[in-house]
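Colleague: model this:
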Amino acid sequence: MSFQAYLDAVETKTGLTPAQLVAIATEKGFGPDTKAAPIVEWLKADYGLGRGHAMAMVHVITKGDRIASKHVGSGGTHSDESDRLWLGGKDSKPADC
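Modeller: Now for the predicted structure:
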């Protein structure tokens, strides 16, 4: 499953886009300096997310929408089409994300 597919699945499960979840996380005081555990616990408690999906959200909450270029076009299980993740919702996602 690509990183983007994890984010799309998070949206399906929560009904919120990744961008909306990042905004809520910011309101709760989570950001670049936050460790993963409190974010994972919050996402599990409030949205029922499992560890893998929560860790995808930890990345965008703490590091933003960029991923390492080694995953772009690699053809592996976690291969993505772009080094930029789309946080605005799966229904409005451009073709190159």
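
Colleague: contacts, neighbours, all on C-alpha from now
Modeller: OK.

Colleague: For the chain, give me the ranges with low pLDDT.
Modeller: By pLDDT under 70, the low-scoring segments of the chain are 70-71, 73, 76-78, 96-97.

Colleague: Where do the helices of it begin and end?
Modeller: 3-14, 18-27, 36-47, 51-63 (DSSP state H).

Colleague: Tell me which of these lies nearest to A95.
Modeller: Nearest to A95 among those is helix 3-14 (12.0 Å), distances taken as CA to CA.

Colleague: mind exporting that closest one as CSV, just the C-alpha atoms?
Modeller: Listed next in CSV are the C-alpha coordinates belonging to helix 3-14 (Å, rounded to 0.1, in the frame of the first residue of the first chain):
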residue,chain,number,x,y,z
PHE,A,3,1.8,6.2,1.5
GLN,A,4,-1.0,8.1,-0.3
ALA,A,5,-3.2,5.0,-0.1
TYR,A,6,-2.8,5.0,3.7
LEU,A,7,-4.0,8.6,3.8
ASP,A,8,-6.9,7.9,1.5
ALA,A,9,-7.9,5.0,3.8
VAL,A,10,-7.6,7.3,6.8
GLU,A,11,-10.1,9.6,5.1
THR,A,12,-12.5,6.8,4.4
LYS,A,13,-12.4,5.6,8.0
THR,A,14,-12.6,9.0,9.7
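
Colleague: Just the buried residues of it, please?
Modeller: F3, Q4, A5, Y6, L7, D8, A9, V10, E11 (16 or more other CA atoms under 10 Å).
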